[in-house]
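Undergrad: Next comes the sequence, and after it the predicted model I'd like to discuss.
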Amino acid sequence: MEFQYDVVLNSMPQLMKGVKLTIEITFYGLIGGTLLGILTGLFQAYKVPVLNWIAFTYVAFIRGTPIVVQAMFVYFALPLALGIRMNALNAAIMVLSVNAGAYIAEIVRGAVLSINKGLVDAGLALGLSRLQVIMSVVGPLAFRRMIPPLGNQFIISLKDTSLFIVIGVGELTRQGQEIMASTFRALEVWTAVAILYMVMTTTLALSLRLLERRMKIL
């Protein structure tokens with residue numbers, strides 16, 4: 001089969017719309033997921049009463065169910081169960097936030113628990129409050145150790161946006177599917193889609209690698 005480059009060129013405007021929406025979902029989803037993950041991870045690391053168990057249940061439920069099922073539940077089942085209806089884009093951002101938050105919580109918990117207890121004791125012995133120890137000693141060290149696994153999670157979340165095709169979000173994969181349905185040129189369309197995902201994930205990976213070097217990961 002001859003590769004028709006004009007199909008790729010003609011499809012590029014529509015594919016770029018999908019790229020823009022993919023980046024938008026990933027950006028807002030990861031902001032929500034990071035905030036949720038930090039809070040949940042700290043609740044678990046410091047065993048905050050009641051909140052620790054809520055966080056444990058949340059992480060276990062999200063990690064135990066596929067993101068496709070979570071998306072379909074939020075978009076199709078939630079309106080029936082609670083009368084809460086949202087458009088596909090908002091549902092995708094919410095699901096990505098909740099899903100990424102559970103995995104980021106485990107990263108945060110692991111990084112905090114990896115800090116040598118002797119450093120915490122030394123900070124307390126110097127007269128610092130526990131909050132000051134967390135902010136000045138544990139926080140900076142833990143953050144440096146979180147960056148590599150956080151980078152992996154960010155890339156996974158970006159690729160997970162392709163699964164929101166099941167609720168009709170017009171992200172990159174959805175745009176590729178629509179173009180293929182009208183042109184019947186699967187080779188050209190999916191090659192272009194794959195390359196665009198590669199460009200996005202590689203850019204994100206290189207940015208995080210640069211951040212790792214600047215932070216001098218321990």
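TA: Perfect, I can see it now.
Undergrad: Centre of the chain to stretch 174-188, how far?
TA: Remark: stretch 174-188 is offset 27 Å from the chain centroid, using Cα atoms, centre = their mean, to the nearest Å.
Undergrad: Name the residues of that stretch that come out as buried.
TA: Arg174, Gln175, Gly176, Ile179, Met180, Arg185, Glu188 (16 or more other Cβ atoms under 10 Å). All C-beta atoms are positioned from the backbone trio N, CA, C, and that covers glycine.
Undergrad: Do a quick rundown of the helices in this protein.
TA: 5-45, 51-63, 67-72, 78-82, 88-113, 117-125, 130-133, 139-160, 172-183, 186-215 (DSSP state H).
Undergrad: In JSON lines: these, plus distance to Val166.
TA: What follows is the helices of the chain, written out as JSON lines (distance: least, Cβ to Cβ, whole Å):
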{"stretch": "helix 5-45", "distance to Val166": "14"}
{"stretch": "helix 51-63", "distance to Val166": "17"}
{"stretch": "helix 67-72", "distance to Val166": "6"}
{"stretch": "helix 78-82", "distance to Val166": "15"}
{"stretch": "helix 88-113", "distance to Val166": "10"}
{"stretch": "helix 117-125", "distance to Val166": "45"}
{"stretch": "helix 130-133", "distance to Val166": "44"}
{"stretch": "helix 139-160", "distance to Val166": "12"}
{"stretch": "helix 172-183", "distance to Val166": "10"}
{"stretch": "helix 186-215", "distance to Val166": "17"}
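Undergrad: Just send these back as JSON lines, with mean pLDDT too.
TA: Listed next are the helices of the chain as JSON lines, based on pLDDT from 0 to 100:
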{"stretch": "helix 5-45", "mean pLDDT": "95"}
{"stretch": "helix 51-63", "mean pLDDT": "96"}
{"stretch": "helix 67-72", "mean pLDDT": "96"}
{"stretch": "helix 78-82", "mean pLDDT": "88"}
{"stretch": "helix 88-113", "mean pLDDT": "96"}
{"stretch": "helix 117-125", "mean pLDDT": "84"}
{"stretch": "helix 130-133", "mean pLDDT": "84"}
{"stretch": "helix 139-160", "mean pLDDT": "91"}
{"stretch": "helix 172-183", "mean pLDDT": "94"}
{"stretch": "helix 186-215", "mean pLDDT": "92"}
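Undergrad: from these, which stretch is densest packed?
TA: Mean neighbour count, computed with mean count of other Cβ atoms under 10 Å, is highest for helix 88-113 among these, reaching a mean of 22.
Undergrad: Just list what it packs against, helices and strands only.
TA: With contacts taken as 3 or more Cβ pairs under 8 Å, 6 or more residues apart in numbering; DSSP states H and E, helix 88-113 sits against helix 5-45, helix 51-63, helix 67-72, helix 139-160.
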